[in-house]
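**Student:** below is the sequence, then the predicted model.
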Amino acid sequence: MPRFFVVIGMKISLIAAMSQNRAIGLRGRLPWPHLPADWENFFEVTKNCRMIMGRKSYDTPDRLWSEVGNFVITRQADFPLDAGFERAFSLEEALACCQADDEVFVIGGEEIFRQALPLAHSIHLTLVNGTFEGDAFFPEFDENAFKITSKQDFVADLRHPYAFSLLVYERASS
């Protein structure tokens with residue numbers, strides 16, 4: 001369980017896509033076919049923000065990255081990283097490196113989401129209308145601790161083989 005701490009001024013946001021059974025990955029890829037509007041949203045929302053990911057998310061064929069900067073959380077001191085990626089040994093260390101940022105995005109995977117949920121100010125969540133096989137799942141979270149501030153629904157069409165919704169949760173005031 002992460003230690004709780006406050007990074008003044010920095011917004012910690014999670015961004016993920018999950019199916020109705022909470023699947024977020026299968027063998028290092030999304031379990032469903034490409035959804036162009038979801039990807040457009042991902043790149044628009046995360047533009048000009050650094051990203052934090054776990055080693056398994058880094059080590060996928062469709063690795064995501066930000067031109068601004070990226071942190072990979074791994075306990076392996078000798079794990080090789082490409083240019084544009086920095087190692088952090090914990091979520092806390094990665095967040096501390098981003099403390100001057102306005103917003104930072106946690107992009108997965110399952111364990112990193114689990115650690116970041118108690119610290120998250122917002123969650124950008126794509127909910128794909130379908131049940132898919134998965135080996136990584138988005139953790140359950142207390143939806144009462146958040147309020148949905150935005151919801152956009154998409155129907156299945158020629159570009160999108162599944163209907164889905166783009167949801168934005170903001171932490172409710174205490």
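**Tutor:** Cool, the structure landed. Residues are numbered from 1 along each chain as shown.
**Student:** hang on, Leu166 in a helix?
**Tutor:** No. Under the criterion used here (DSSP: H, G, I helix; E, B strand; the rest coil), Leu166 is strand, not part of a helix.
**Student:** burial count for the closest residue to it other than its chain neighbours?
**Tutor:** Leaving aside its sequence neighbours, Leu166 sits nearest to Gln152 (C-beta to C-beta, 6 or more residues apart in numbering; 4.5 Å). In short, each C-beta sits where N, CA and C put it, glycine included. Other residues within reach of Gln152, judged by other C-beta atoms under 10 Å, total 12.
**Student:** I'd like the distance between Gln152 and His124.
**Tutor:** Counting by C-beta to C-beta, to the nearest Å, the gap from Gln152 to His124 is 11 Å.
**Student:** mind listing the shared neighbours of those two?
**Tutor:** Overlap of the contact sets of Gln152 and His124 (by C-beta atoms under 8 Å, 6 or more residues apart in numbering) consists of Leu166.
**Student:** quick one: which helix or strand includes the residue nearest to Leu166?
**Tutor:** Using DSSP states H and E, Gln152 maps to strand 146-154.
**Student:** shouldn't the residue nearest to Leu166 be in contact with Phe164?
**Tutor:** No. Judged on C-beta atoms under 8 Å, Gln152 makes no contact with Phe164 at a distance of 9.3 Å.
**Student:** which residues does the closest residue to Leu30 other than its chain neighbours form a beta bridge with?
**Tutor:** Nearest in space to Leu30, with sequence neighbours left out and distances taken as C-beta to C-beta, 6+ apart, is Ala17 at 6.5 Å. Residues in a beta bridge with Ala17, per DSSP bridges, are Thr126.
**Student:** name the helices or strands packed onto the strand holding Gln152?
**Tutor:** Identification of packing neighbours for strand 146-154 by 3 or more C-beta pairs under 8 Å, 6 or more residues apart in numbering; DSSP states H and E yields strand 164-171.
**Student:** this completes my enquiry, with thanks.
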